[in-house]
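>>> Quick one, what's the 3D model for this:
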Amino acid sequence: QVQLVESGGGLVRDGGSLRLSCAASNNVFSINAMQWYRQAPGKQRELVAEITRSSTTDYASSVKGRFTISRDNAKNTGYLQMNSLKPEDTAVYFCNADVSYYSGSRIFTADAWGQGTQVTVSS
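Numbers count the residues shown, from 1 in each chain. Coordinates of the predicted model:
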């Protein structure tokens with residue numbers, strides 16, 4: 001099995017910053033595209049940002065200019081730097097990635113999700 005583990009969420013005031021991390025389990029040897037999603041209470045999950053293996057990025061219009069997605073391929077870790085946070089950014093944030101991983105002597109691919117990390121922005 002493969003795991004993605006998010007960290008870095010928390011409570012911050014309007015205008016504050018947080019940096020989320022998404023680390024892949026040790027059996028992952030390659031991550032292709034990676035995305036960050038968020039889901040607010042009573043709302044559908046929405047795509048926030050995405051990054052290709054070659055670090056081409058794209059953002060939802062609601063976060064463009066405030067959020068930055070990045071990755072460290074050597075560490076199989078992705079990041080989401082969130083600046084100028086607003087109360088409407090409050091949500092559970094999830095990372096999602098297309099990964100290749102070892103299981104025994106075989107290589108598999110998977111669409112992996114993290115468990116989510118809560119981000120709360122107070123006004």
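>>> CA atoms only: put the helix or strand where residue 48 lies into CSV for me.
When secondary structure is defined by DSSP states H and E, residue 48 falls within strand 46-51. Output in CSV follows, covering the C-alpha atoms of strand 46-51 (Å, rounded to 0.1, in the frame of the first residue of the first chain):
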residue,chain,number,x,y,z
GLU,A,46,-12.4,21.5,-5.4
LEU,A,47,-9.0,21.5,-7.1
VAL,A,48,-6.8,24.2,-5.7
ALA,A,49,-3.5,23.7,-7.4
GLU,A,50,-1.5,21.2,-9.5
ILE,A,51,2.0,20.5,-10.5
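>>> what comes up buried for it?
Neighbour counts over strand 46-51 (16 or more other CB atoms under 10 Å) mark 48, 49, 50, 51 as buried. Every C-beta, even on glycine, is put in place using the N, C-alpha and C of the backbone.
>>> How much space separates the nearest residue to residue 9 once chain neighbours are set aside from residue 53?
Setting aside the residues directly before and after it, residue 9 is nearest to residue 117 in space (CB to CB, 6 or more residues apart in numbering), at 3.4 Å. Relative to residue 53, residue 117 is positioned 23 Å away (criterion: CB to CB, to the nearest Å).
>>> Which one's more surrounded, these two?
Ranked by neighbour count (other CB atoms under 10 Å), residue 117 and residue 53 place residue 117 first, with 22 against 13.
>>> Roughly how far does the more buried one sit from residue 36?
Distance check for residue 117 against residue 36: by CB to CB, it reads 10 Å.
>>> could you say what helices and strands the helix or strand just after the strand holding residue 48 packs with?
Scanning forward in sequence from strand 46-51, with DSSP H and E defining helices and strands, the next element found is strand 57-59. Strand 57-59 is packed against strand 46-51, strand 67-72, with contacts defined by 3 or more CB pairs under 8 Å, 6 or more residues apart in numbering; DSSP states H and E.
>>> go again using 7 Å as the cut-off
Applying 3 or more CB pairs under 7 Å, 6 or more residues apart in numbering; DSSP states H and E, one finds that strand 57-59 contacts strand 46-51.
>>> okay, the angle between the strand it packs on and strand 67-72?
With axes from the mean of the first three to the mean of the last three CA atoms, to 10 degrees applied, the angle from strand 46-51 to strand 67-72 works out at 50 degrees.
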